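Student: need a structure here:
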Amino acid sequence: MMTNSTATITNVTDIRDLVPPVEIPSGWEWLWWALAALVIVALLAFCWSWWRKRAQAPIVIPVIPAHLRARQKLQDALALIGQPKPFVTAVSDTLRLYLEERFDFHAPERTTEEFLNDLQRTDRLTETQKDGLGHFLTNCDLVKFAKYEPGEPELRGLHTSAVQLVAETEPATTADNSTP
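Tutor: Numbers count the residues shown, from 1 in each chain. Coordinates of the predicted model:
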């Protein structure tokens, strides 16, 4: 004989929770996995190709001609015109460096006297330019080493003679022959 409590226990163990729906494979999942793999491979190939091209491309640094750099430095030196010695040092160093880069004179490493002696043996500058350069360097040495303090007009004159020498000795621009 079954009691009421035994029947209740039996019924409770017979009841099961709902089973979640079972997915039935459609047979096309492999296609999505294959497409995803192809996209990943294509992305990796693109990244590899881009990286190789970037690594092989040389970095081109445009070369600024010596006369343009000298003009810019001479222009920048004008900011020092209130201080004669730094101004004259900047102007003369700029001109010496320009002459070295433009004519391979080795001007920065030599004294003014050595440089002027070597300058007499070259025909790259005219006699007028050589005389002007000698006068310019001698006046710069007075300021740099003899504690001579010129006024602003004299400093501007030195600056003008440096700019003039750069302008006279800069390479000639080539004419464009592509236009008829």
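Student: Next, the residue nearest in space to the middle of the chain: secondary structure please.
Tutor: For the chain, Ile61 is the residue whose C-alpha lies nearest the centre (C-alpha atoms, centre = their mean; 6.5 Å). Judged by DSSP: H, G, I helix; E, B strand; the rest coil, the three-state class of Ile61 is coil.
Student: Kindly report the same for the one 3 residues further on.
Tutor: Under the three-state scheme (three-state DSSP), the conformation of Ile64 reads as coil.
Student: so who does the nearest residue to Phe115 once chain neighbours are set aside touch?
Tutor: Closest residue to Phe115 in three dimensions, ignoring its sequence neighbours and counting by C-beta to C-beta, 6 or more residues apart in numbering: Ala107, at 5.2 Å. For every residue, glycine as well, the C-beta is placed using N, CA and C. Remark: with contacts taken as C-beta atoms under 8 Å, 6 or more residues apart in numbering, Ala107 is in contact with 96-97, 99-100, 115.
Student: Sketch out the low-pLDDT regions of this structure for me.
Tutor: Judged by pLDDT under 70, the chain has its weakly predicted residues at 1-13, 174-180.
Student: Okay, helices next: where are they in it?
Tutor: In the chain, the segments counted as helices under DSSP state H are 4-14, 29-56, 66-77, 84-103, 112-120, 127-145, 152-169.
Student: Pick the most buried one from these.
Tutor: Among these, judged by mean count of other C-beta atoms under 10 Å, the one packed with the most neighbours on average is helix 84-103 (a mean of 20).
Student: can I get the CA coordinates of it in PDB?
Tutor: Only the C-alpha atoms of helix 84-103 are listed here, as PDB (Å, rounded to 0.1, in the frame of the first residue of the first chain):
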ATOM      1  CA  PRO A  84      79.100  92.400 -30.700                       C
ATOM      2  CA  LYS A  85      81.300  89.400 -29.900                       C
ATOM      3  CA  PRO A  86      78.700  86.700 -30.200                       C
ATOM      4  CA  PHE A  87      77.300  88.400 -33.300                       C
ATOM      5  CA  VAL A  88      80.700  88.600 -35.000                       C
ATOM      6  CA  THR A  89      81.500  85.000 -34.000                       C
ATOM      7  CA  ALA A  90      78.300  83.700 -35.400                       C
ATOM      8  CA  VAL A  91      78.700  85.600 -38.700                       C
ATOM      9  CA  SER A  92      82.400  84.700 -39.200                       C
ATOM     10  CA  ASP A  93      81.800  81.000 -38.300                       C
ATOM     11  CA  THR A  94      78.900  80.900 -40.700                       C
ATOM     12  CA  LEU A  95      81.000  82.300 -43.500                       C
ATOM     13  CA  ARG A  96      83.900  80.000 -42.800                       C
ATOM     14  CA  LEU A  97      81.700  77.000 -42.700                       C
ATOM     15  CA  TYR A  98      80.000  78.100 -45.900                       C
ATOM     16  CA  LEU A  99      83.400  78.500 -47.600                       C
ATOM     17  CA  GLU A 100      84.400  75.000 -46.500                       C
ATOM     18  CA  GLU A 101      81.200  73.400 -47.700                       C
ATOM     19  CA  ARG A 102      81.100  75.300 -50.900                       C
ATOM     20  CA  PHE A 103      84.800  75.300 -51.900                       C
END
